[in-house]
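Student: sequence unknown, structure follows:
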């Protein structure tokens, strides 16, 4: 009997492995991201999700970490299925997300935007990004140099190499509330480590997202012999971990905070809108936003980490003669602050404070350094109140701007662009 059971399990395992290898697209992206690295890269390549092989290194002159941009015409299949989002988009001849009408081939481009995934075309078509929409609002030529997964110091490097030669009249640096602080800190840590200097208290263990013992076990299982070879093994391990997290969330909802370890970050929240509750961030991503909010509150890190990037931006504006604009895009929970309910109650005070602290910093630096600061929080909050559940500005799964969110950003920002004397002057 036992022998038959073992044979049956073996046959099912072989069939499952074969099926996954024949149809790798059935593997959910939220599970694939936790596969063993080599297998993840192999599956991503087969399913046309971006890998390191789809990128090229961009030379940088500031001693920062390696900076990669997409190769020309790379097709990006977005990893997470989103609310009304697109499944894929193809980069342009420069490796950036622009529609044909926003061409890099122009001798000069009026408005260039730099930023991260909130500037890039995350789950929207290139023509629906706020950069592309700026063209219709302002009547000016535009080009999007946004790139996902980078921060302010990388924005500067990309502009130096690819934006400055286009003699822009206006350059918009977009700061995202959620993780630009993290990326600026990572740049600083990298440089200090390269120079052999101590990183200071910012890199204490309290400013890092801790993994649970189960996560460590999962990592070990994926690194083992089976993990390096088997699709089915990786899917089983990651699926069990996903089920564990779901069960933990259910128990927390049923039993409340009893027995809860508040040192573990729970960044899930929901929008309590009239007649409906909309869960956000159910997969508990972007936990580093909470970690850095706590560290900033406890003075373990400092917003001055942004300052050198802002100074570089102003130096470039004087050198190349463009109007420097810094925009601030809030996180989804800030935009929906009037209706948001955090699973972890302590975040109800922490995250609004984190938002206010960052916005105050960039506003103060605007006066000190001389750039135009456009805080998009009021415009997005007003649009959120007006649209309600009918037209969400952020996707509940990937937490990025929806098509409607991009439109609101473009309309709000266009007013500042139109009021810029530099932008309105005709070219010789």
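Tutor: Cool, the structure landed. Worth saying up front: this structure is predicted, and the values here are computed from it rather than measured.
Student: what ranges do the helices span in the stretch 201-350 of the chain?
Tutor: 213-223, 225-229, 231-255, 287-297, 307-320, 332-335, 347-365 (DSSP state H, counting those that start in this stretch).
Student: and those, which one is worst for confidence?
Tutor: Note on the helices of the stretch 201-350 of the chain: lowest mean pLDDT is at helix 213-223, with a mean of 58.
Student: quick one: low-confidence ranges for the stretch 51-200 of the chain?
Tutor: For the stretch 51-200 of the chain, the stretches flagged by pLDDT under 70 are 51-53, 79-85, 198-200.
Student: Strands along that one, start to end?
Tutor: With DSSP state E, counting those that start in this stretch, the ranges of strands along the stretch 51-200 of the chain come out as 55-57, 68-70, 75-77, 88-90, 111-114, 142-144, 170-176.
Student: name the helices or strands packed onto the second one?
Tutor: Of the remaining helices and strands, those touching strand 68-70 by 3 or more Cβ pairs under 8 Å, 6 or more residues apart in numbering; DSSP states H and E are strand 55-57. From N, CA and C alone the C-beta is placed, and that goes for glycine too.
Student: distance between the strand it packs on and the chain's centre?
Tutor: 19 Å (Cα atoms, centre = their mean, to the nearest Å).
Student: could you say what helices and strands that strand packs with?
Tutor: By 3+ Cβ pairs under 8 Å, 6+ apart, strand 55-57 packs against strand 68-70.
Student: contacting residues around the strand it packs on?
Tutor: Residues outside strand 68-70 that contact it (Cβ atoms under 8 Å, 6 or more residues apart in numbering) are 50, 52, 54-58, 76, 91, 95-96, 147, 158.
Student: From residue 266, how far off is residue 397?
Tutor: 17 Å (Cβ to Cβ, to the nearest Å).
Student: for residue 297, same thing?
Tutor: Residue 297 is 17 Å from residue 266, by Cβ to Cβ.
Student: contacting residues for the residue nearest to residue 312 when sequence neighbours are not counted?
Tutor: On the basis of Cβ to Cβ, 6 or more residues apart in numbering, the spatially nearest residue to residue 312 that is not a chain neighbour turns out to be residue 156, at 5.0 Å. For residue 156, the contact set (Cβ under 8 Å, 6+ apart) comprises 62, 114, 309, 312, 313, 316.
Student: Could you check how many residues crowd around the nearest residue in space to the third one that is not next to it in sequence?
Tutor: Counting by Cβ to Cβ, 6+ apart, the nearest residue to residue 309 once its immediate chain neighbours are dropped is residue 152, at 3.9 Å. Applying other Cβ atoms under 10 Å, we find 26 other residues in the vicinity of residue 152.
Student: Same question for residue 343.
Tutor: 18.
Student: do the one 5 residues further on as well
Tutor: The number of residues packed around residue 348, counting by other Cβ under 10 Å, is 14.
Student: now swap in the one 10 residues further on and tell me
Tutor: Counted with other Cβ under 10 Å, the neighbours of residue 358 add up to 23.
Student: thinking again about what came up before, out of the contacts of residue 156, which comes closest to residue 342?
Tutor: Nearest to residue 342 out of these is residue 309 (Cβ to Cβ; 30.1 Å).
Student: Would you check that the closest one makes contact with residue 154?
Tutor: No. With contact defined as Cβ atoms under 8 Å, residue 309 does not count as touching residue 154 (9.2 Å).
Student: Between the two, which has more neighbouring residues?
Tutor: residue 154 (27 against 20).
Student: OK, contacts around the residue nearest to that one when sequence neighbours are not counted?
Tutor: Of all residues not flanking residue 154 in the chain, residue 67 sits nearest, at 5.4 Å (Cβ to Cβ, 6+ apart). Residue 67 makes contact with 57, 58, 60, 150, 154, 157, 158, according to Cβ under 8 Å, 6+ apart.
Student: now those in a markdown table, with distance to residue 353?
Tutor: Formatted as a markdown table, those follow (distance: Cβ to Cβ, whole Å):
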| residue | distance to residue 353 |
| --- | --- |
| 57 | 38 |
| 58 | 36 |
| 60 | 34 |
| 150 | 26 |
| 154 | 27 |
| 157 | 31 |
| 158 | 31 |
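Student: List buried members of these by neighbour count.
Tutor: 58, 60, 150, 154, 157, 158 (16 or more other Cβ atoms under 10 Å).
Student: The residue lying closest to residue 59 once chain neighbours are set aside: neighbour count?
Tutor: Nearest in space to residue 59, with sequence neighbours left out and distances taken as Cβ to Cβ, 6+ apart, is residue 161 at 7.2 Å. Neighbours of residue 161 under the rule other Cβ under 10 Å: 16.
Student: Residue 161 against residue 61, yeah?
Tutor: No. The pair residue 161 / residue 61 is not scored as a contact, 9.3 Å apart, by Cβ under 8 Å.
Student: before we move on, back to that, now flag whichever of the contacts of residue 156 is closest to residue 366.
Tutor: Distances from residue 366 to the contacts of residue 156, taken by Cβ to Cβ, are shortest for residue 313, at 11.2 Å.
Student: you'd agree that closest one is up against residue 371?
Tutor: Yes. Using Cβ under 8 Å, residue 313 is in contact with residue 371, at 6.9 Å.
Student: Now list whatever residues contact both of these two.
Tutor: Common contact partners of residue 313 and residue 371 (Cβ under 8 Å, 6+ apart): 324, 326.
Student: related to what we said a few turns ago, would you check which pair of the contacts of residue 67 lies furthest apart?
Tutor: Largest separation among the contacts of residue 67 by Cβ to Cβ: 57 and 150, giving 13.2 Å.
Student: Distance of the residue nearest the centre of the chain relative to residue 295?
Tutor: Closest to where the C-alpha atoms of the chain average out (Cα atoms, centre = their mean) is residue 117, at 4.7 Å. According to Cβ to Cβ, residue 117 and residue 295 sit 22 Å apart.
Student: Can you tell me the closest non-neighbouring residue to residue 371?
Tutor: In space, residue 371 is closest to residue 324, 4.2 Å off (Cβ to Cβ, 6+ apart).
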